[in-house]
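J.: the sequence and its predicted three-dimensional model are supplied below.
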Amino acid sequence: MVRVSSTRGQLVLVAALALALALVALGVAYLQLGYHDDIGAAGHEPTAQLEATLERALDDAAREIPATYGWDERDEAEDAIRTELNDTIETLETSRLEDGHAYAIAPNATHASVWEQAHCPGGPDRQFGDCAVTDAVVLQERGGRATVLAMSFDIVVTTPERELTVTTTIEVQAD
């Protein structure tokens, strides 16, 4: 008789475990219900992910510029930045074509000049040297070296429903 209750206890334990697993599976299915990759969070900026990817790429590209290029080589520094970013921009522009989303990312030198005037003060009390904008890349002379501060872009997002244009300046994050 003792053996029957021991088997019954094991059976109850196995049934409880099976029920718990079924509830976990139902919970996961419920959380995924209604998910679709085109549905954005309320208030989510459609270009935020593009900007975040550009920011990481610009940070990576700008990291070695001061060690490689002097201030008198700032045009070459800008070429290096643009060359480094081209692959990322190409990948972004073609990343969602199969979903009907097209991205166009282009440098905006005018916006970069406006940013440079607002963020690079002149006069005798400034901490670093002059700033210059070369094809949408804002560079500053620091210790005789070219340092990348920011880059401005026009981003156009085209979907089957609408087209959105954003102009943004991405600042290089200090290490």
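T.: Yes, it's here. Numbers count the residues shown, from 1 in each chain.
J.: show me the domain layout of this protein.
T.: Annotated domains of the chain cover 1-35, 48-171 [automatic domain parsing].
J.: verify the stated contact: residue 112 with residue 169.
T.: Yes - at 6.6 Å, residue 112 and residue 169 qualify as touching, with contact defined as C-beta atoms under 8 Å. Heads up, the C-betas are built off the backbone N, CA and C, glycines and all.
J.: neighbour count for these two, which is higher?
T.: Legend: neighbour count by other C-beta atoms under 10 Å for residue 112 and residue 169, higher for residue 112 (22 against 19).
J.: which regions of this structure lie under the pLDDT threshold?
T.: Low-confidence segments of the chain (pLDDT under 70): 1-6, 29-46, 123, 125, 174-175.
J.: as CSV, could you dump the C-alpha coordinates of stretch 163-175?
T.: What follows is stretch 163-175, C-alpha atoms only, in CSV (Å, rounded to 0.1, in the frame of the first residue of the first chain):
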residue,chain,number,x,y,z
GLU,A,163,8.5,59.4,-46.6
LEU,A,164,10.3,61.0,-43.7
THR,A,165,13.4,63.3,-44.0
VAL,A,166,15.6,64.1,-41.0
THR,A,167,18.7,66.2,-40.8
THR,A,168,20.9,65.4,-37.8
THR,A,169,24.4,66.0,-36.5
ILE,A,170,26.0,63.1,-34.8
GLU,A,171,28.6,64.1,-32.2
VAL,A,172,31.6,61.9,-31.6
GLN,A,173,31.5,60.5,-28.1
ALA,A,174,34.7,61.1,-26.0
ASP,A,175,36.4,57.9,-24.8
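J.: ok, back up a step: any residues in contact with both of residue 112 and residue 169?
T.: Shared contacts of residue 112 and residue 169 (C-beta atoms under 8 Å, 6 or more residues apart in numbering): 138, 150-152.
J.: nearest to residue 79, of these?
T.: Nearest to residue 79, judged by C-beta to C-beta, of the shared contacts of residue 112 and residue 169 is residue 151 at 13.1 Å.
J.: which residues does the closest residue to that closest one other than its chain neighbours contact?
T.: Spatial nearest neighbour of residue 151, excluding adjacent residues (C-beta to C-beta, 6 or more residues apart in numbering): residue 137 at 5.0 Å. Contact partners of residue 137, counting by C-beta under 8 Å, 6+ apart, are 77-78, 81-82, 107, 112, 148, 150-151.
J.: and the residue most central in space within the chain, how far is that from residue 173?
T.: With distances taken as C-alpha atoms, centre = their mean, the chain has residue 52 as the residue nearest its mean C-alpha position (1.6 Å). Here residue 52 is placed at a distance of 11 Å from residue 173 (C-beta to C-beta, to the nearest Å).
J.: returning to what we had before: which neighbouring elements make contact with the strand or helix carrying the residue nearest to the centre of the chain?
T.: Here residue 52 sits within helix 48-62, counting by DSSP states H and E. Here helix 48-62 touches helix 74-94, strand 102-107, strand 145-158, strand 163-171, going by 3 or more C-beta pairs under 8 Å, 6 or more residues apart in numbering; DSSP states H and E.
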